[in-house]
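Peer 1: no sequence for this one, just the structure:
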């Protein structure tokens, strides 16, 4: 069977900002480095928001904040170190962000941890770490944010980073897939409760977005194989994922909650 190259196989030039988040205060977890978190923080800034970045790695987190401040000198950027495995850290992130920025309008739950491992050889510690960071960390941050929004007079938005592996079977990914499926279920259920406090909660489910951190956790051969199976024959660029996060965080999606938006060329 002949494989035809899609006209969409070339990553397009990044879409300019359109002020979708102008005046908003946005918090992004796991925002250091080169992955979706930093790209989401940058996109929020591109759309006019002031942004607080958070990460477990303080040096890289501060570098991310400084990079954003240099690119967008007329906006405000802050940083708070947070380990999403710690309830006190997560609660401190939300209260600290609200105090530092004056308010929170959007929380992007990006923190997650994966890797490859055959289930038959997987240690309890490996399973527990992936579930605790990826699923429990999202739960802790969502809980803290809902408590914040419950007590303030303005509405809010939470966007979670899930994965098509919450739907899709892939070898050596049982722990990560289970965690991301949990994030999807958490998104749906918390959205029902969040409506009571004026909060919309949705999730994105990327298939494959190539960046330096991902390259460290999976082989290039596997990533090439997965990308080739997508409808466009390529991985997403991180800005394409971040632009979808910005859309979900914006007033363009005011009647959307409890949904998981696939960024996967529909190969679910």
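Peer 2: Thanks, I have it. Keep in mind that this is a model prediction, so the values were computed, not measured.
Peer 1: for residue 243, the count of nearby residues, please.
Peer 2: Applying other Cβ atoms under 10 Å, we find 20 residues neighbouring residue 243. All C-beta spots, glycine's among them, are computed from the backbone N, C-alpha and C.
Peer 1: that one is in what secondary structure piece?
Peer 2: For residue 243, the host element (DSSP states H and E) is helix 238-249.
Peer 1: check residue 69 too.
Peer 2: Element membership of residue 69, judged by DSSP H and E, is helix 58-71.
Peer 1: look up how far residue 142 lies from residue 182.
Peer 2: Separation of residue 182 from residue 142 (Cβ to Cβ, to the nearest Å) stands at 12 Å.
Peer 1: more neighbours: the two, which one.
Peer 2: Higher neighbour count among residue 182 and residue 142: residue 142, with 24 against 18, using other Cβ under 10 Å.
Peer 1: assign that one to helix, strand or coil.
Peer 2: Following DSSP: H, G, I helix; E, B strand; the rest coil, residue 142 is assigned to helix.
Peer 1: neighbouring contacts of stretch 136-144?
Peer 2: The contact list for stretch 136-144, computed with Cβ atoms under 8 Å, 6 or more residues apart in numbering, reads 29, 84-85, 87, 90-91, 93-95, 107, 109, 111-112, 158, 160, 183, 186, 190, 201.
Peer 1: so which bits of that stretch are buried?
Peer 2: Across stretch 136-144, burial judged by 16 or more other Cβ atoms under 10 Å covers 136-142, 144.
Peer 1: buried set for stretch 18-31?
Peer 2: So for stretch 18-31, counting by 16+ other Cβ under 10 Å, buried means 20-21, 24-31.
Peer 1: could you tell me which of those residues belong to strands?
Peer 2: In this view, those that belong to strands under DSSP state E are 25-28.
Peer 1: mind listing the strands for this structure?
Peer 2: Along the chain, counting by DSSP E, strands occupy 25-28, 50-55, 77-81, 106-109, 156-161, 199-206, 260-263.
Peer 1: can you give the strand pairings for the longest one, parallel or anti for each?
Peer 2: As defined by DSSP bridges, the strand partners of strand 199-206 come to strand 156-161 (parallel), strand 260-263 (parallel).
Peer 1: and the third one, by the same measure?
Peer 2: Strand pairing for strand 77-81, using DSSP bridges, gives strand 50-55 (parallel).
Peer 1: tell me how far the strand it pairs with is from the chain's mean position?
Peer 2: Put simply, strand 50-55 sits 13 Å off its chain's centre (Cα atoms, centre = their mean, to the nearest Å).
Peer 1: which residues does that strand contact?
Peer 2: For strand 50-55, contacts defined as Cβ under 8 Å, 6+ apart pick out 24-33, 37-38, 41, 44-45, 61, 64-65, 68, 75-82, 93, 97, 100-101.
Peer 1: got it, and stretch 169-180?
Peer 2: Applying Cβ under 8 Å, 6+ apart, the contact partners of stretch 169-180 are 112, 114-119, 122, 126-127, 130-131, 134-135, 162-163, 165-166, 168, 205.
Peer 1: residue contacts, residue 105?
Peer 2: So residue 105 contacts 21, 24-26, 49, 154, 156-157 (Cβ under 8 Å, 6+ apart).
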